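**Q** here is the input, now give the coordinates:
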Amino acid sequence: MNNLVDRYGRVGVAALTSLIWALPMAAWAGSADLSPIDKTAYPWIAFSIGIVMLAVWLFLLTRIARIPVTRRPRRFDLSQMSRSEKRWTLAAFAFACGAIAWLNAAATVDWSPLMQAVAAGKTGPTLLATGLAVFLLVMLGGATLSWRNATRAYRARVVTSVN
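**A** Okay, here's the model as predicted:
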């Protein structure tokens, strides 16, 4: 943990470790939507895991706050980030959230009616399926492009801080 904090800073490690409770809570939200309909999803299991992992995450945050950090440029230190770097990182985060939302929605939906309608050649469902595919591609492409630009801005910041 000390090496992670020293490399990425407290904010970066806190954000990374937040996934341990965010992912179970996303699963809970998806299964809560399905449970009343088909009685196959068990939302309280995912919710319980998410709550336990939230407690674990809060425990980790108290430990992370006590780890000494050497002063140097870090990727996710908001006080050190340039305006361009903040903007591109926020864009990458937004596009990644869009892709995750699409995947979460895709995991909780029965695709068979849409696929049957597309196979039957119906225009509306075909346009919907095409729009969904385009949305996912735009989210993935936007996340990739934004991340590359954020990395470029970070490297420029590091070069100027060294000189």
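
**Q** how about the helices in this protein?
**A** For the chain, the helices defined by DSSP state H occupy 2-17, 19-38, 43-64, 83-107, 112-119, 123-162.

**Q** distance check, residue 77 against residue 148.
**A** Separation of residue 77 from residue 148 (Cβ to Cβ, to the nearest Å): 20 Å. Bear in mind the C-beta positions are built from the backbone N, C-alpha and C, glycine included.

**Q** check residue 142 too.
**A** Residue 142 sits 11 Å away from residue 148, going by Cβ to Cβ.

**Q** what does residue 17 give?
**A** Look at residue 17 and residue 148: by Cβ to Cβ, they are 25 Å apart.

**Q** what's the per-residue pLDDT of the residue nearest the centre of the chain here?
**A** Central residue of the chain (Cα atoms, centre = their mean): residue 97, 4.9 Å from the mean position. Confidence at residue 97, expressed as pLDDT, is 91.

**Q** show me what contacts it?
**A** Contact criterion Cβ atoms under 8 Å, 6 or more residues apart in numbering gives no residues in contact with residue 97.

**Q** between residue 77 and residue 148, tell me which one has more neighbours.
**A** Legend: neighbour count by other Cβ atoms under 10 Å for residue 77 and residue 148, higher for residue 77 (15 against 12).
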